[in-house]
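Peer 1: Below are the sequence and a predicted model for it; my questions follow.
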Amino acid sequence: NNIKQVKPFVDSIELLYFEGMKKVDLPTKREIEYINRSDLDYVVHLPIDTKNFKKIENFIKSFNQVNNVKYFIIHIDYNKKAIKFLKYLKDKYKKNILAENYDNKIDNLNKFVRNNIDICLDIGHILHLHPMFIKKFLNKNKNAIKYLHLHGSTGGKDHKSIKMLREDLLLFILNCSIANNITLCVEVFSFNDFIESIYTINRLVKC
């Protein structure tokens, strides 16, 4: 139902899975068939409640026959086991696996980049940093950043309308994404925030 509601406005949709500990959150056969028939691209956000590599792999395996999944996004701590696991997944399933900054730190992302792991940058989680630092990070890692989560933050709550972002920073992010073919995801959790965010993007880049 969510896909049907937003598909007129986008050409790519993120499928967000929170619960890897419960079998109920695995995609159903009907969902997989619907996604596979769709003319959109999809990105699968892997579960965030488990560090169990096997459970994470089960989600990727569920989409193994789906051709229009562009990326898998994973929340994972940087260490040797994580690097080995990510390279194993990429080699076995021939899918693009991206490491994301799931908290307000981006030190891990630099380490993943140095190990030739592509990344998903969540802008909303680092809005406490100086805008110039964010711009420098984008410029430095533009070749490794394949996917970008964009959302505003207010009252300590993330995933709000991007209208709340500083306009100069937002415009820089949009232009950088267009110039470097970075897929931009408006990662908000209400339809009103989504529509307001889409309107804001259209106003700034005239698309």
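Peer 2: Great, that's in hand. Since the model is a prediction, treat every value here as computed from it, not as a measurement.
Peer 1: Can you list the low-confidence ranges for this protein?
Peer 2: Within the chain, the segments meeting pLDDT under 70 span 20-24, 206-207.
Peer 1: Tell me where it has helices.
Peer 2: 2-6, 29-37, 53-62, 80-93, 107-114, 131-140, 167-179, 191-205 (DSSP state H).
Peer 1: which secondary structure elements does the fourth one contact?
Peer 2: This means helix 80-93. Applying 3 or more CB pairs under 8 Å, 6 or more residues apart in numbering; DSSP states H and E, one finds that helix 80-93 contacts helix 53-62, strand 97-100. Where you see a C-beta, it was placed from the backbone N, CA and C, and this is true even at glycine.
Peer 1: between these, which one is nearest to N175?
Peer 2: strand 97-100 (21.4 Å; CB to CB).
Peer 1: neighbouring contacts of that closest one?
Peer 2: Applying CB atoms under 8 Å, 6 or more residues apart in numbering, the contact partners of strand 97-100 are 60, 71-76, 78, 82, 86, 89-90, 108-109, 112, 117-122, 146-147, 149.
Peer 1: Okay, now the sheet partners of that strand, with direction.
Peer 2: Applying DSSP bridges, strand 97-100 is found paired with strand 69-74 (parallel), strand 119-122 (parallel).
Peer 1: how about the helices of the chain in a markdown table, adding mean neighbour count and distance to L15?
Peer 2: Converted to a markdown table, the helices of the chain look like this (neighbours: other CB atoms under 10 Å; distance: least, CB to CB, whole Å):
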| stretch | mean neighbour count | distance to L15 |
| --- | --- | --- |
| helix 2-6 | 12 | 8 |
| helix 29-37 | 13 | 8 |
| helix 53-62 | 16 | 10 |
| helix 80-93 | 15 | 16 |
| helix 107-114 | 16 | 22 |
| helix 131-140 | 14 | 25 |
| helix 167-179 | 15 | 20 |
| helix 191-205 | 16 | 15 |
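Peer 1: Now do the same contact list for V44.
Peer 2: 14-15, 17, 59-60, 63, 69, 71-73.
Peer 1: nearest to I126, of those?
Peer 2: I73 (16.0 Å).
Peer 1: what sits opposite the closest one in the beta ladder?
Peer 2: Beta-bridge partners, per DSSP bridges, of I73: H45, L98.
Peer 1: distance of it from Q5?
Peer 2: Going from I73 to Q5 by CB to CB, to the nearest Å gives 22 Å.
Peer 1: try V205
Peer 2: 23 Å.
Peer 1: F59: what's it in contact with?
Peer 2: Contacts of F59 by CB under 8 Å, 6+ apart are 17, 20, 26-27, 44, 46-47, 72.
Peer 1: okay, those in CSV with distance to N141 next?
Peer 2: Below are the contacts of F59 laid out as CSV (distance: CB to CB, whole Å):
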residue, distance to N141
Y17, 26
G20, 27
L26, 32
P27, 31
V44, 22
L46, 21
P47, 25
F72, 19
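Peer 1: so which of these comes closest to K135?
Peer 2: Closest to K135, out of all of these and judged by CB to CB, is F72, at 27.3 Å.
Peer 1: shouldn't the closest one be in contact with E57?
Peer 2: No. Using CB atoms under 8 Å, F72 is not in contact with E57; the gap is 10.3 Å.
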